[in-house]
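1. Got a predicted model here, sequence first, then my questions.
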Amino acid sequence: MRNPSLSLHISPHECEFSAVRSQGAGGQNVNKVSSAIHLRFNIRASSLPESVKQRLLQMHDRRLTDAGEIVLKAQQHRRQEQNREEALRRLEQLVRSVAVLPPPRKATRPTRSSRKQRLEGKLRRGRLKALRNRVFE
């Protein structure tokens with residue numbers, strides 16, 4: 001069976017890039033040069049398959065905005081072009097991670113011993129709590 005996640009490719013034309021200044025240490029270079037990249041990717045307007053779009057929009061991730069855009073910031077490298085490539089690589093990795101369907105869950109039942117163990121634990125806990133009551137003479 002062919003894995004559909006391997007054939008997914010995101011065109012840089014579907015992304016909006018903006019250069020911003022990096023954070024953290026770096027001295028004068030960090031203060032002068034806008035080498036960090038903000039990547040914005042509109043999921044609804046993309047050329048991704050509809051099933052992948054739906055899974056992307058349903059994920060609970062702080063990088064996903066209410067407007068259905070993924071926002072990534074790449075600032076690891078000194079050069080803007082390297083950060084642009086890094087942001088695209090991370091976006092593709094994120095899309096690939098949701099493109100692979102999780103295996104369907106097989107319904108299972110608790111074993112007899114696990115049910116017995118659970119009930120014994122409840123009994124023990126109940127007895128412990130009963131000892132906290134007042135003692136009548």
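-> Received, thanks.
2. in the least confident helix or strand in the chain by mean pLDDT, what counts as buried?
-> Across the helices and strands of the chain, mean confidence by mean pLDDT, DSSP states H and E is lowest for helix 27-32: a mean of 77. Neighbour-count burial for helix 27-32, with 16 or more other CB atoms under 10 Å as criterion, is recorded at V30. All C-beta spots, glycine's among them, are computed from the backbone N, C-alpha and C.
3. chain center to it: distance?
-> 31 Å (CA atoms, centre = their mean, to the nearest Å).
4. so what secondary structure elements neighbour that helix?
-> In this structure, helix 27-32 packs against no helix or strand, with contacts taken as 3 or more CB pairs under 8 Å, 6 or more residues apart in numbering; DSSP states H and E.
5. Now tell me what touches it from outside.
-> Outside helix 27-32, the residues within contact range by CB atoms under 8 Å, 6 or more residues apart in numbering are 21-24, 35, 78.
6. let's go with 6 Å and repeat that
-> S22 (CB atoms under 6 Å, 6 or more residues apart in numbering).
7. quick one: buried residues of the helix or strand that comes right after it?
-> Under the assignment DSSP states H and E, the closest C-terminal helix or strand after helix 27-32 is strand 36-42. Residues of strand 36-42 classed as buried: 36-39, 41 (neighbour count, 16+ other CB under 10 Å).
8. Name every strand pairing with strand 36-42 and say which way it goes.
-> For strand 36-42, the paired strands and their directions (DSSP bridges) read strand 15-20 (antiparallel), strand 69-74 (antiparallel).
9. Need those in JSON lines (columns: mean neighbour count).
-> Below are these laid out as JSON lines (neighbours: other CB atoms under 10 Å):
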{"stretch": "strand 15-20", "mean neighbour count": "14"}
{"stretch": "strand 69-74", "mean neighbour count": "18"}
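10. What number of residues are in the vicinity of E81?
-> When neighbours are defined as other CB atoms under 10 Å, E81 has 10 of them.
11. and the strands paired with strand 36-42 as CSV, adding mean pLDDT?
-> Below are the strands paired with strand 36-42 laid out as CSV (pLDDT from 0 to 100):
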stretch, mean pLDDT
strand 15-20, 89
strand 69-74, 92
